[in-house]
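*Asks:* Build the 3D model from these lines:
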Amino acid sequence: TIFKSLEEVEIAHKLSMWGPFHDKEEWELAHFLMKNIGQTKMDEFLKLDIVHNSSMSFNTAWSFLKKVDSLCTRPEWICEMIDVVGDVVGKDSTLKHKQLELWQQNPMECMEELIRNP
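*Replies:* Sure, this is the predicted structure:
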């Protein structure tokens, strides 16, 4: 299956499930930083002695953001235009209709992404 092949790649390349971060704690810190702190404040935080002297795999906002950029990208969004016909009759005695955007992603690619990046 696709899931078995993804697991085999991780094992062959000795990838951590938290990659490119060392462990769960570093992953949680990365998640917090991305969600709550801008780049300038991130550099200030990472320069604190308690953080800088730790064994984290990044010590500047630049090195952190390079790790974030190396993460797998999410599945591509696809836009399809659909024509929706309503039940209201217009002035020209025809049913009104409207074109709408339907945005979607490939569900298999979404599942693969969820397995690769918990």
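
*Asks:* how much space between E112 and W77?
*Replies:* To W77, E112 is 16 Å away according to CB to CB, to the nearest Å. Glycine gets a C-beta too; all of them are placed from N, C-alpha and C.

*Asks:* the more surrounded of those two?
*Replies:* E112 (17 against 9; other CB atoms under 10 Å).

*Asks:* Please enumerate the helices of the protein.
*Replies:* Secondary structure of the chain by DSSP state H: the helices cover 2-12, 24-36, 39-46, 49-52, 61-69, 107-116.

*Asks:* Only C-alpha atoms, please: export the shortest one in PDB.
*Replies:* Taking Å, rounded to 0.1, in the frame of the first residue of the first chain, the C-alpha atoms of helix 49-52 are listed here in PDB:
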ATOM      1  CA  ASP A  49      20.700  31.800  27.100                       C
ATOM      2  CA  ILE A  50      18.300  29.100  28.300                       C
ATOM      3  CA  VAL A  51      17.200  28.500  24.700                       C
ATOM      4  CA  HIS A  52      20.500  29.100  22.900                       C
END
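
*Asks:* got the buried residues for that helix?
*Replies:* By 16 or more other CB atoms under 10 Å, helix 49-52 has no buried positions at all.

*Asks:* what's it in contact with?
*Replies:* Residues from elsewhere that reach helix 49-52 (CB atoms under 8 Å, 6 or more residues apart in numbering): 45-46, 59.

*Asks:* Okay, the closest residue to F21 other than its chain neighbours and D49: tell me how far apart.
*Replies:* Excluding the flanking residues, the one nearest F21 by CB to CB, 6 or more residues apart in numbering is W27, at 4.6 Å. Taking CB to CB as the measure, W27 falls 23 Å from D49.
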